[in-house]
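Novice: from the sequence below, what's the structure:
(one chain, ligands or ions: 1)
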Amino acid sequence: MNIPMVDLKGQYETLKTEIDSAILQALGETRFILGPNVQAFDQEAAGYLGANHAISCASGTDALHLALLAAGIQCGDEVITSAFTFIATAEAIRYIGATPVFVDIQPDSFNIDPGKIRAAITGKTRAILPVHLFGQAADMDEILALADEFGLIVIEDCAQSFGSRYRGKTTGTIGAVGAFSFFPSKNLGCYGDGGMVATNDENTAAQVKMLRNHGSSQQYHHDVIGVNSRLDELQAVILRIKLKHIDEYNRRRLDVARAYNERLAGSRFQTPVIPEDRDHVFHQYTILCDDRDAVRETVLAGEVSCAVYYPIPLHRQKAFADTVQPELPVTEATAQRCLSLPMFPEMTEQQIATVCEAVLSA
Ligand SMILES: Cc1ncc(COP(=O)(O)O)c(C=O)c1O
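Specialist: Prediction:
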């Protein structure tokens, strides 16, 4: 049995008839840029999240860039974030000429540790950018309290957390603005690149709408320098269909995580804590162990996939060699010890059992 990290083919097979016919219809309509499906998806996604506005764009990286621009972050500003994330989080900060300031994470949630943020705030700090890593919301109440105290903007990286909730609110609607990715392997993924910005603020929404379309809100009138970052119509068609199933997909991911936790309980592997005050949507299921590389090799030698997210924290990446390299002991230890196991809604009991056998035998 070959068990991949994500089985996109299996999911497509279950939606094939609906997707194929909707794609054919969109092809027939030939309204490929900011067409009717993009407009409908933006409304449906906002409705799902409970946000006043959702503005789709070309990728999650662009969503972060647009969110930072619309929030007014400028060259020379500092933005506090985590180093235990995909590079796009801090890359987008750099696009603007702002500086990412990396703060350590919590050992259990892998999210930014709010207790360590205060020490990183300087006169140049303008924003805090928490990442809801692996599908679990960061400690937003503590982050919002600090932001309030210091007059900072909170921008959420929700690339891995579509549908995840924190104390009743969906991620992406808690801070000033949220950025989502629809990369194919994400909880809500399209069949190419895609992203979205969500906000409750009308002015921020208007800014993002204008910025994603060459700084224009009226054809051939350009108020500011923007970018070309629009979700394409065919991706919107796919996302509209998948959005109807997102709660079921996320519930199923949680079931898979619970089954993994049960089977790995009592072993030497540290399994994820499933929190009570927030709905974890398990974009990744990540365990910790001291001999991670040996375990990884043994598991991969069989027919089970596994992966390391993330082996090199951002403050240790060459691309950020010019930023301050803080001591981040939890981040560094986690990067050495983390191992993500296959995770997708369609996983069967048999597949879960096979993955656990492979891990436990290592
Ligand atoms: C935490 C995080 N932020 C940002 C991104 C960027 O998203 P995209 O690949 O859609 O540009 C990703 C996805 O890869 C991510 O995992």
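Novice: what parts of the chain come near the ligand?
Specialist: Counting by Cβ under 6 Å from any ligand atom, the chain comes close to the ligand at 59-61, 85-86, 88-89, 131, 157, 159-160, 181, 183, 193, 195. Every C-beta, even on glycine, is put in place using the N, C-alpha and C of the backbone.
Novice: can you give me the strands in this protein?
Specialist: With DSSP state E, the ranges of strands along the chain come out as 53-57, 78-82, 99-103, 125-129, 153-157, 165-166, 169-170, 177-181, 195-199, 216-218, 221-222, 278-279, 285-288, 338-341.
Novice: ok, which of the ones you listed comes nearest Q270?
Specialist: Closest to Q270 of the strands of the chain is strand 285-288 (Cβ to Cβ; 4.0 Å).
Novice: ok, residues contacting that closest one?
Specialist: Contacts made with strand 285-288 from outside it, assessed by Cβ atoms under 8 Å, 6 or more residues apart in numbering, are listed as 110, 134, 256-257, 260, 264, 269-272, 309, 334, 337-341, 343, 359.
Novice: got a list of what the residue nearest to S56 when sequence neighbours are not counted touches?
Specialist: The spatial neighbour of S56 that comes closest, neighbours along the chain excluded (Cβ to Cβ, 6 or more residues apart in numbering), is L231 at 3.7 Å. Residues in contact with L231, defined by Cβ under 8 Å, 6+ apart, are 38, 41, 56-58, 182, 194-196, 239.
Novice: show me which of those residues is closest to G302.
Specialist: The shortest gap between G302 and any of the contacts of L231 belongs to F182, at 31.7 Å (Cβ to Cβ).
Novice: thinking that closest one is in contact with A159, fair?
Specialist: No - if you go by Cβ atoms under 8 Å, F182 and A159 don't touch, sitting 9.0 Å apart.
Novice: so which of the two has more stuff around it?
Specialist: A direct count of neighbours by other Cβ atoms under 10 Å for F182 and A159 places F182 higher, at 31 against 28.
Novice: need the contacts of L231 in JSON lines with distance to K209, can you?
Specialist: Putting those into JSON lines (distance: Cβ to Cβ, whole Å) gives the following:
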{"residue": "V38", "distance to K209": "11"}
{"residue": "F41", "distance to K209": "14"}
{"residue": "S56", "distance to K209": "10"}
{"residue": "C57", "distance to K209": "10"}
{"residue": "A58", "distance to K209": "14"}
{"residue": "F182", "distance to K209": "18"}
{"residue": "G194", "distance to K209": "16"}
{"residue": "G195", "distance to K209": "14"}
{"residue": "M196", "distance to K209": "12"}
{"residue": "L239", "distance to K209": "18"}
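Novice: residues touching F180, list them.
Specialist: Counting by Cβ under 8 Å, 6+ apart, F180 touches 60, 63, 158-159, 162, 172, 188, 195-198.
Novice: just L243 next, same as before
Specialist: Residues counted as contacts of L243 (Cβ under 8 Å, 6+ apart) are 41, 44-45, 48, 188.
Novice: for the protein, where's the lowest mean pLDDT among helices and strands?
Specialist: When the helices and strands of the chain are scored by mean pLDDT, DSSP states H and E, strand 216-218 comes last with a mean of 93.
Novice: starting at the chain centroid, how far to that strand?
Specialist: If you compare the mean C-alpha spot of strand 216-218 with that of the full chain, they lie 29 Å apart, counting by Cα atoms, centre = their mean, to the nearest Å.
Novice: quick one: strands adjacent to that strand?
Specialist: When pairing is defined by DSSP bridges, strand 216-218 lines up against strand 221-222 (antiparallel).
Novice: mind giving me the domain ranges of the protein?
Specialist: Using automatic domain parsing, the domain ranges for the chain come out as 8-243, 246-361.
Novice: out of those domains, the one nearest N2 is which?
Specialist: domain 246-361 (4.7 Å).
Novice: relative to the whole chain's centre, how far out is the closest one?
Specialist: In terms of Cα atoms, centre = their mean, the centre of domain 246-361 is set 15 Å apart from its chain centre.
Novice: same deal with stretch 178-193?
Specialist: Per Cα atoms, centre = their mean, the displacement of stretch 178-193 from the mean C-alpha position of its chain is 8 Å.
Novice: okay then, goodbye and thanks.
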